[in-house]
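1. need a structure here:
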Amino acid sequence: MASGTPDYTQTVRQVYGSAKMIWNKRTVTASSRNTINKVLGKGIIYGGCMFLDYTSSQINSLPGLDIDDVALASFSFAEMAKYGISVENTSAFHMLRYDQKEFVYSAGISSGITFERYFETIYDEVHGTTPDVTGLIHYALLT
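-> The predicted structure follows:
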């Protein structure tokens, strides 16, 4: 005689492997879209950030996140500050620091974003300069 829970009541869930971290610091190319981090596979993003400390303003540049050939909504640092996009999960990126005096900018990456083939963090530099941009992401791949 069968025992236990019937098959139709069991929940099937995906199992993620151990948490991983990718961290890169790149001097970006002026006036272009730059890849900061890229991870291939299927998994989930737990969170992260992108930041820069430069000698001039970068308010109109855009941090971005591409998931499986889809560019998720990205806002410039100025737009995030203007509209108060500073709470996690309101957008793929949310403002952490916006300092127009010291030219320090940072944006957080929201948690819980899943991907099927890859994710890529992008920095779209629009000021014609070459700042150093750092990207840090915590994620896990399906096992």
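
2. Please list the residues outside stretch 56-70 that contact it.
-> 33, 50, 52, 71-72, 74-78, 81, 92-93, 98, 100, 103, 105, 107, 109, 113, 115-127, 129, 131 (Cβ atoms under 8 Å, 6 or more residues apart in numbering). Quick note: C-beta positions are derived from backbone N, CA and C, even for glycine.

3. Among those, name the ones in strands.
-> 33, 50, 52, 71, 93, 98, 105, 107, 109, 113, 115, 118-124 (DSSP state E).

4. Show me which of those are buried.
-> 50, 52, 93, 98, 105, 107, 109, 113, 115, 119-124 (16 or more other Cβ atoms under 10 Å).

5. OK, contacts around residue 103?
-> Residue 103 neighbours (Cβ under 8 Å, 6+ apart): 53-58.

6. farthest pair in those residues?
-> Farthest-apart pair in these is 53 and 57; separation 12.3 Å (Cβ to Cβ).

7. And the spatially most central residue of the chain, how far from residue 137?
-> Of all residues in the chain, the one closest to the mean position by Cα atoms, centre = their mean is residue 109, 4.1 Å from it. In this view, residue 109 and residue 137 are 6 Å apart by Cβ to Cβ, to the nearest Å.
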